[in-house]
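> Sequence and predicted model, in that order:
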Amino acid sequence: MKDLLIKIKNFSIITIIASFVIGLVLLIWPDESITAVSILTGVTTILLGVSAWISYFAKEKSVVLATGGTVCIIVGLIICIKYQSIIAILLFLFGVFITISGAVDLITSFYSKASGLGTWGVSTILSIAVLVLGVVIMVNPLHTSQALVRLAGAGLLVYAVVDLVTFIQVKKAAKEIKEEFKNIEPPIVDADAREVNSDDEIDSNGREV
């Protein structure tokens, strides 16, 4: 149990450091981060395709392996070469979805007002904010991608700081509990010990007869 707790503690420290470093990189260099992640994704996809073809020639002549390997290689090359266009298309589609969702929520807030619900005002403000966000994403998806990357970086930094504070508090609490257990003295049992011969008879109450 103690070894498990030590491993969890070490893993928590690694997670905090990794989250802080990645968050800092995303916050300071959003463009470079998008490029690196996109190229890494493309290269990984290409390697999957190559490994599928290696398995095709080395182990079994499977049409599925050949087809899957070819598709992975083509998709990986497209991601590496045209990653900005792919990101723009994905963000545009995301903006369309957000815009439709905001419009539906706005109409729902109007129905809430007609029904006399007191929360319609907050719902209306949030729906308008979501609607505006969706339009902004559709109009300028690449610039929005930088903002989203920075937002993700800021979120990772906040997570790292909060997790670090929690880690310090847990470690302090564990240390205090350990000190309390050290200060607790074991109970002293005061009992008269008396040797009993095997020939002696004992009654039902445990007394020697």
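Yes, it's here.
> host element of residue 60?
Under DSSP states H and E, no helix or strand contains residue 60.
> and if you look at the one 10 residues further on?
Counting by DSSP H and E, the element that carries residue 70 is helix 63-81.
> In terms of secondary structure, what does that helix contact?
When contacts are defined as 3 or more Cβ pairs under 8 Å, 6 or more residues apart in numbering; DSSP states H and E, helix 63-81 packs onto helix 30-58. C-beta coordinates here come from the backbone N, C-alpha and C atoms, glycine included.
> Give the rounded mean pLDDT of the helix it packs on.
Averaged across helix 30-58, the pLDDT comes to 87.
> Low-confidence ranges, this structure, go.
1-12, 117-119, 142, 169-170, 173-174, 176-209 (pLDDT under 70).
> list the contacts for residue 165?
Shown in contact with residue 165 (Cβ atoms under 8 Å, 6 or more residues apart in numbering): no residues.
> Quick check: the gap between it and residue 32.
Separation of residue 165 from residue 32 (Cβ to Cβ, to the nearest Å): 30 Å.
> next one: residue 98
26 Å.
> Let me know the angle separating the helix holding residue 70 from helix 30-58.
Note on geometry: by axes from the mean of the first three to the mean of the last three Cα atoms, to 10 degrees, helix 63-81 and helix 30-58 are set 160 degrees apart in direction.
> buried residues in the first helix or strand past helix 63-81 going along the chain?
Using DSSP H and E, the helix or strand that directly follows helix 63-81 along the chain is helix 83-114. Neighbour counts over helix 83-114 (16 or more other Cβ atoms under 10 Å) mark 83, 86-88, 91-92, 94-95, 98-99, 102, 105-106, 109, 112 as buried.
> And for stretch 49-64?
49, 52-53, 56.
> With stretch 38-45 instead?
38, 41-42, 45.
> now swap in stretch 18-37 and tell me
19-20, 22-23, 25-27, 30, 33-34.
> go on, stretch 149-157?
149-150, 152-153, 156-157.
> before we move on, the earlier item: quickly name whichever of the buried residues of helix 83-114 is closest to residue 126.
residue 105 (7.1 Å; Cβ to Cβ).
> got the contact list for the residue nearest to the closest one when sequence neighbours are not counted?
In space, and not counting its chain neighbours, residue 105 is closest to residue 127: 3.8 Å by Cβ to Cβ, 6 or more residues apart in numbering. Taking Cβ under 8 Å, 6+ apart, we find residue 127 in contact with 102-103, 105-106, 108-109.
> Residues in contact with the helix holding residue 70: which ones?
38-39, 41-53, 55-56, 86.
> Same check on stretch 129-138?
Contacts of stretch 129-138 (Cβ under 8 Å, 6+ apart): 91-92, 94-103, 105-106, 144.
> For residue 25, which residues are in contact?
33, 153.
> Roughly how far does it sit from residue 91?
Taking Cβ to Cβ, one finds residue 25 at 21 Å from residue 91.
> With residue 21 instead?
26 Å.
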